[in-house]
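Engineer: below is the sequence, then the predicted model.
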Amino acid sequence: MLRAQSLDFLEEIEAHSGEMVRRCFQCDRCATGCPMIAQMQHAPNELFRLIQLGDREAVLSSNTFWFCVSCYTCSVRCPNDIDIAHVMDTLRELSLQEGFSPELPQARDFHRIFLDCVRRRGRVSELELMARYNLKLKKPFARLALGWELLRKGRLELWPRRAPSVRRLFQRVKEQR
């Protein structure tokens, strides 16, 4: 029975992410290049092994994918061309859908606000993202000096452009569910 459950979970992750997690053979190259490995409960390859073994609860309750900064170092280093950062994003979404809460609720909040910005505009507005995140934290003036300095130097857009093609992509995904 455990074998069928492990295959079900593995196939679910592969279907959602489009990545062949079963190709991971634990070479550890993803972990050696990860800048956030010290904060992670499991190295990326260890998390992939848990997926292969079907340990749904251990995977979805892990903090590993919440600390992933999507720098793609792991994905570039993978000898099997697995987009590990994309799998981490898939795990974040699945974890939220199934009601698993990260140890740091701020990570969940930031993730949701980030995706909402992308859904609405088709891209991230850093100004909107940080303003909404600071409001969520009930610290509306946090990092105000930094924000002003970035605006003054032209490093932050006051009125960001829109990317309608990305917005349409989110709409199509929503319709397919």
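Structural biologist: In hand now; what should we look at?

Engineer: count of neighbours near L129?
Structural biologist: Using other C-beta atoms under 10 Å, L129 is surrounded by 16 other residues. For glycine as for every other residue, the C-beta is placed from the backbone atoms N, C-alpha and C.

Engineer: closest to the centroid, which residue in the protein?
Structural biologist: A centroid search over the chain (C-alpha atoms, centre = their mean) returns D89, at 3.2 Å, as the residue closest to the centre.

Engineer: could you say which helix or strand contains that residue?
Structural biologist: Counting by DSSP states H and E, the element that carries D89 is helix 84-97.

Engineer: can you check W159 too?
Structural biologist: Using DSSP H and E, W159 falls outside every helix and strand.

Engineer: counting neighbours, what do you get for it?
Structural biologist: Neighbour tally, W159, other C-beta under 10 Å: 7.

Engineer: please apply the same query to K153.
Structural biologist: If you count neighbours by other C-beta under 10 Å, K153 ends up with 8.

Engineer: look up how far L146 lies from it.
Structural biologist: 11 Å (C-beta to C-beta, to the nearest Å).

Engineer: with V87 as the reference, measure out to S17.
Structural biologist: Taken as C-beta to C-beta, the span from S17 to V87 is 5 Å.

Engineer: brain fart, L127
Structural biologist: From L127 to V87 the distance is 30 Å (C-beta to C-beta).

Engineer: these two: which has the busier surroundings?
Structural biologist: Set L127 next to V87 and count neighbours by other C-beta under 10 Å: V87 wins out with 27 against 17.

Engineer: quick one: residues contacting that one.
Structural biologist: The contact partners of V87, taken as C-beta atoms under 8 Å, 6 or more residues apart in numbering, are I13, S17, E19, V21, F48.

Engineer: secondary structure class for the third one?
Structural biologist: It refers to E19. Assigned state for E19: coil (three-state reduction, DSSP: H, G, I helix; E, B strand; the rest coil).

Engineer: one step back: any idea of the pLDDT on the residue nearest to the centre of the chain?
Structural biologist: Listed pLDDT for D89 reads 92.

Engineer: show me this structure divided up by domain.
Structural biologist: Split into domains by automatic domain parsing, the chain comes to 2-97, 105-176.

Engineer: quick one: the helices in the protein?
Structural biologist: Secondary structure of the chain (DSSP state H): helices at 2-17, 29-33, 44-53, 56-60, 64-67, 73-77, 84-97, 105-121, 126-136, 144-152, 164-176.

Engineer: just the angle for the last one relative to helix 105-121, thanks.
Structural biologist: Between helix 164-176 and helix 105-121, the angle comes out at 110 degrees (axes from the mean of the first three to the mean of the last three C-alpha atoms, to 10 degrees).
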